[in-house]
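A.B. asks: Provided below for reference: sequence and predicted model.
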Amino acid sequence: NESLKYGSQYEGKRQDEAMQKFRENRLGQFIHWGLYAIPGGKWDGKIYPGAAEWLQSWADVPPEEWSKLINQWNPDEFDAQEWAHMAKEAGFKYMTVTTKHHEGFCLWPSEYTDFDVASAPNKTDIMGELIDAYTKVGIDVYFYYSILDWHHPDWRYDIKSEEDEQAFERYKTYVDNQLTELVERYPEVKGFWFDGTWDKSVKKNGKWTLEIQQMLKSLKPGMIVNSRLRADDHGSRHFDSNDKLMGDYESGYERRLPSFREDTIVTTRDWEAVMTVPENQWGYHQDWSVSHVKSTNEVLEWITHSVAMGGNMLVNIGPKPDGTIRQQEKTLMKEIEQWMDINGEAIYAGDYLGWEKQDWGYYIADQKTNEVYALVFNVPVTQKITVATPEGISIEEAHPLKDESESLKISEKGPNEVFIHLPQPMFEAPYVIKLKVSGKDGSKGTYRKAKT
Ligand SMILES: C[C@@H]1N[C@@H](C(=O)NCc2ccccc2)[C@H](O)[C@@H]1O
């Protein structure tokens, strides 16, 4: 291990209350909103199938032309209470919203730029309305902030001249000022989700990324910062040059998940995956036929997979330019609500169990009660699932969460292996079974294999 000045600041999972709450939240709502919602993936009459919040890039729109969209920013149907109510009902425990995406447009009245809502026809302080409404219904709010900024004249992709150096110094001050402003205006914010940090300019400024992390924690003790912000002394990102995680949790899983076969190392740290409902649309795209759109059961499997590997999941919505939510996303939230109302106890505060992964689905252990759940996604034609337990551990009872008074038949399959028989008719949604487990010494967590 070499000594690093701007590498990882601590090892292992943070055990303070703020981080415990993040870890127990497990299920969050991601919101991508900005000027890009106005064209919604279409420019000069042409539909671009790429991510809608990147349209400026796909359609190669000059910044000064893209910036004119500010004159059309008028979300007159926007109702933060309505969004917060929908999110609460759906069972989201936290929410992360774009304060400023790569386009550089700020969804709060910033004193450091005119490219913000204060300079638009509709001057509503979107961040203020959202953090008030979501906090009021008990949902923790996090801010997404893009370091990459296509609008700001001092942004640089790389630092190759004295001029670049001076410009990027100005840009760093701009960012520091905006982040301070965000925490001071919205002190209930719980943390920051930084994005747009893959360019050389940031990788050459690892010290600055550590300073941002330290500044935010001094402004608000307990503040939570994702690993994607961070670069170390040598430009290594997320993990420093000694392979130690930087930031408070790993945030590299964007539209992908760790594998149970190769990536169980993730169970030793805090991490969060973020997912889109279409293949790759974060901002509003008017034509979702350009790609596969995940069904509710697919979204539930992404959520379950994350929690079963000890991580969080942010499910994204991209509101329309008028401030309403598209029907597909409203339907999805309603169906998540219906499933979470019955099965949420398996997701909230859920964690990696460590038993042998089975094809029928996932195990989740509750961090606090140590209850064990089997979440069945793949209906077995044999009408029973196999549960293989570690040495000296046995399954006493199995009760479906949809009716806990029901007791599923358990039969011996072999040493430390039982069958759990599933009811007829087979189910259309992920079927969750609460297992009554007896361990060697029966104390908490005995049946959870040591973390790899
Ligand atoms: C959370 C998403 N991140 C933004 C993005 O530019 N992703 C491109 C990307 C894809 C994979 C690894 C790093 C960066 C997307 O626009 C979303 O905001």
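C.D. replies: Yep, that arrived. Numbers count the residues shown, from 1 in each chain.
A.B. asks: can you tell me how far K409 sits from the ligand?
C.D. replies: Computed as C-beta to the nearest ligand atom, to the nearest Å, the K409 to the ligand distance reads 45 Å. For glycine as for every other residue, the C-beta is placed from the backbone atoms N, C-alpha and C.
A.B. asks: ok, that residue - contacts?
C.D. replies: Neighbour list for K409: 420-421 [criterion: C-beta atoms under 8 Å, 6 or more residues apart in numbering].
A.B. asks: make it 7 Å
C.D. replies: Remark: with contacts taken as C-beta atoms under 7 Å, 6 or more residues apart in numbering, K409 is in contact with H421.
A.B. asks: okay, it: pLDDT?
C.D. replies: pLDDT recorded at K409 is 98.
A.B. asks: is any part of stretch 306-314 close to the ligand?
C.D. replies: No: legend: contact between stretch 306-314 and the ligand by C-beta under 6 Å from any ligand atom is lacking; minimum distance shown is 8.6 Å.
A.B. asks: Which residue does the stretch 1-150 of the chain have closest to the ligand?
C.D. replies: In the stretch 1-150 of the chain, no residue comes nearer to the ligand than E53, which is 4.7 Å away by C-beta to the nearest ligand atom.
A.B. asks: My guess is that residue contacts W282. True?
C.D. replies: Yes: E53 sits in contact with W282 when judged by C-beta atoms under 7 Å, with a separation of 5.1 Å.
A.B. asks: Have a look at the two and say which one is more surrounded.
C.D. replies: Comparing E53 with W282 by other C-beta atoms under 10 Å, the one with more neighbours is W282, at 29 against 25.
A.B. asks: Could you report the pLDDT at the more buried one?
C.D. replies: According to the model, W282 carries a pLDDT of 98.
A.B. asks: And for A450?
C.D. replies: 48.
A.B. asks: Let me see the contact set for the residue of the stretch 1-150 of the chain closest to the ligand.
C.D. replies: Contacts here follow C-beta under 7 Å, 6+ apart; on that basis E53 touches 32, 34, 36, 101, 282-283.
A.B. asks: what about the residue lying closest to it once chain neighbours are set aside, how many neighbours?
C.D. replies: The shortest distance from E53 to any residue other than its chain neighbours is 3.3 Å, reached at G283 (C-beta to C-beta, 6 or more residues apart in numbering). Close neighbours of G283, defined as other C-beta under 10 Å, add up to 26.
A.B. asks: is it true that G283 touches Y36?
C.D. replies: Yes: here G283 reaches Y36: they are 4.4 Å apart, a contact under C-beta under 7 Å.
A.B. asks: Need the overlap of contacts for those two.
C.D. replies: Taking C-beta under 7 Å, 6+ apart as the contact rule, G283 and Y36 both touch 52-53.
A.B. asks: re earlier: wait, a strand at the residue nearest to E53?
C.D. replies: No: the assignment for G283, made by DSSP: H, G, I helix; E, B strand; the rest coil, is coil rather than a strand.
A.B. asks: Assumed the residue of the stretch 1-150 of the chain closest to the ligand was part of a helix.
C.D. replies: Yes: under three-state DSSP, E53 sits within a helix.
A.B. asks: Do you know the pLDDT at Q166?
C.D. replies: Note on Q166: pLDDT of 98.
A.B. asks: tally of neighbours for the closest residue to P187 other than its chain neighbours?
C.D. replies: Here the nearest residue to P187 in space, its sequence neighbours aside, is K220; by C-beta to C-beta, 6+ apart that works out to 6.8 Å. Other residues near K220 come to 16 when the count uses other C-beta under 10 Å.
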